[in-house]
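Student: sequence first, predicted model second:
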Amino acid sequence: MADKMCDVEGCHNESFKTVPADLAKKVFTIDQKKTKVHLCKEHYKEYKKETKKEREVGRMDWV
């Protein structure tokens, strides 16, 4: 079985984490119509930095 690759356009690194596509599309150019996308380690770090506030707001209603 082939390893999953990063879904960011132009990246050919191995997948590190899977994240929701709606948040990832706000940060990266992703041409696929998926509900979840695979990100490599470098893109995952960038994703975390860029979506920090949105993810915090999403967690507020859990309490």
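Tutor: Yep, that arrived.

Student: wait, residue 28 sits on residue 8?
Tutor: Yes. Using Cβ atoms under 8 Å, residue 28 is in contact with residue 8, at 4.7 Å. Any C-beta I mention is one placed from the backbone N, CA and C, and that applies to glycine too.

Student: any shared contact partners between the two?
Tutor: Residues touching both residue 28 and residue 8 (Cβ atoms under 8 Å, 6 or more residues apart in numbering) are residue 43.

Student: tell me which residues in stretch 53-63 are buried?
Tutor: By neighbour count with 16 or more other Cβ atoms under 10 Å, stretch 53-63 contains no buried residues.

Student: correction: stretch 37-49
Tutor: Neighbour-count burial for stretch 37-49, counted by 16+ other Cβ under 10 Å, picks out 37, 38, 39, 40, 43, 44, 47.

Student: again, but for stretch 3-20
Tutor: Within stretch 3-20, the residues that qualify as buried are 6, 7, 8, 15, 19, counting by 16+ other Cβ under 10 Å.

Student: got it, and stretch 23-31?
Tutor: The neighbour-count criterion (16+ other Cβ under 10 Å) identifies 23, 24, 27, 28, 30 as the buried residues of stretch 23-31.

Student: so the second one belongs to a helix, correct?
Tutor: Yes. With DSSP: H, G, I helix; E, B strand; the rest coil as the criterion, residue 24 is assigned to a helix.

Student: that one contacts residue 35, doesn't it?
Tutor: No. Checked against Cβ under 8 Å, the pair residue 24 and residue 35 is beyond contact range at 10.6 Å.

Student: strands along the chain, start to end?
Tutor: Secondary structure of the chain (DSSP state E): strands at 17-20, 36-39.

Student: stretch 12-30: end-to-end distance?
Tutor: Stretch 12-30 has an end-to-end distance of 13 Å (criterion: Cα to Cα, to the nearest Å).

Student: and it, what's its mean pLDDT?
Tutor: Across stretch 12-30, pLDDT averages out at 91.
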